[in-house]
Each structure stands twice: as C-alpha cells, then as structure tokens.
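fold the following for me, if possible:
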Amino acid sequence: MDPKAKKAALRGITYGLYLVGTKDDNGVNAFAGNFLTQTSFEPPMVALAAKAGTRSQEQIAANGVFSVNVLESGQKDVVTAFFRPVEPEGSKLAGYEFYTEETGCPIFKDALSFFECKVVEQVEKGDHYIYVGEVINAGVHREGDPLTMKETGFYYGG
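Coordinates of the predicted model:
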C-alpha cells in the first residue's frame, strides 16, 4: 500500500471536533475527540474511539460512561485547549466552565449541545479503543453550526 495515498484517502473522511468528557473516582477529565459517529437510531447509539493508554480512555473503560460536547464553528481555541492533559479547577477544565448531569461527566456551558452515553460494547484493538455508547441524556444550549476539522486546518487520521 502506498503510505501517502493511504493517508490522503483516510484524511478525506469528514470529521467534527468535540469535547469528550470522562470521569473516575479522582475527578473529571475531557479530551478533544474526532473519531465519532452515530451507529443506531433506536436505541440511539454512537461509536467513539479514544487513544489507548490515555487517562480518558482508561476512565471510559473503568466507568463505562462518557459525554460528548458539540462545539460551535469558530471555537477552535476551545478544542485546542484540550489537545493536552487538563486538570479540574473547581467547575472548570482548561478554563472552560462545566457542569454534570446523569453520567457525572463534564458538560461544557460553551458547547452548542451535548449528549451522555453509557458504554454497551467496547473493542480493544489497535492504538485506539472503540466504545459503543447508548445515548441516555441530551441537551441543547443554543443553535449554531458545529465545529469541523476542516475549518481548523488540523489533520488527524491516515
């Protein structure tokens, strides 16, 4: 396989950028995620990939829940803050205010919308683990266009 062709082809997959919230007994966490897709209408389910061995991936594996925060177009600075490890400071992560609902995972006030998931299946293969989550709660903070990978100029894939 031609490595350049593989990278170009896989980077052709369109992605959004999201803040994925996690938790454990030591507190909450969040990361910038983009490997996400809906997989079922009834029940509503999504598939999320989290990098193996990261704090967030280990929290999802241990606790079986996560939140997905849909960011607004133009919120590149918000998602960029979560490209590195973050620690909670009261009700803020990386300076962004959050609250919790059903799963206890962070829901960011600056996000357009959110949904919370309970893991119903996991696949531990490769350098990312895949979690199938059933959507158990959702909410909308405001209307707007979601942030996309393309508008940021970032590339993750290939």
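
what separation is there between D110 and E87?
Counting by Cβ to Cβ, to the nearest Å, the gap from D110 to E87 is 18 Å. The C-beta positions use only the backbone N, C-alpha and C, and glycine is treated the same way.

typo on my end, F41
Distance of F41 to E87, given as Cβ to Cβ: 37 Å.

more crowded one of those two?
E87 (10 against 7; other Cβ atoms under 10 Å).

let me see the contact set for the more buried one.
E87 sits next to 27, 93 when contact means Cβ atoms under 8 Å, 6 or more residues apart in numbering.

got the confidence number for it?
Listed pLDDT for E87 reads 92.

now C117
98.

please verify my assumption that it contacts G64.
No. Taking contacts as Cβ atoms under 8 Å, C117 lies outside contact range of G64: 9.1 Å.

my read: K23 touches N29, true?
Yes. Contact status for K23 versus N29: in contact at 7.0 Å, counting by Cβ under 8 Å.

which residues are in contact with each of these two?
59, 106.

let's see stretch 67-78 as PDB, backbone CA atoms only.
This file holds the C-alpha atoms of stretch 67-78, laid out as PDB (Å, rounded to 0.1, in the frame of the first residue of the first chain):
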ATOM      1  CA  SER A  67     -20.200  12.800  27.400                       C
ATOM      2  CA  VAL A  68     -19.900  14.400  24.000                       C
ATOM      3  CA  ASN A  69     -20.000  18.200  23.700                       C
ATOM      4  CA  VAL A  70     -20.700  19.600  20.300                       C
ATOM      5  CA  LEU A  71     -18.700  22.800  19.800                       C
ATOM      6  CA  GLU A  72     -19.700  25.700  17.500                       C
ATOM      7  CA  SER A  73     -18.000  26.700  14.300                       C
ATOM      8  CA  GLY A  74     -15.200  29.200  15.300                       C
ATOM      9  CA  GLN A  75     -14.500  27.500  18.700                       C
ATOM     10  CA  LYS A  76     -11.000  26.400  17.600                       C
ATOM     11  CA  ASP A  77      -9.500  27.900  20.700                       C
ATOM     12  CA  VAL A  78     -11.800  25.800  22.900                       C
END
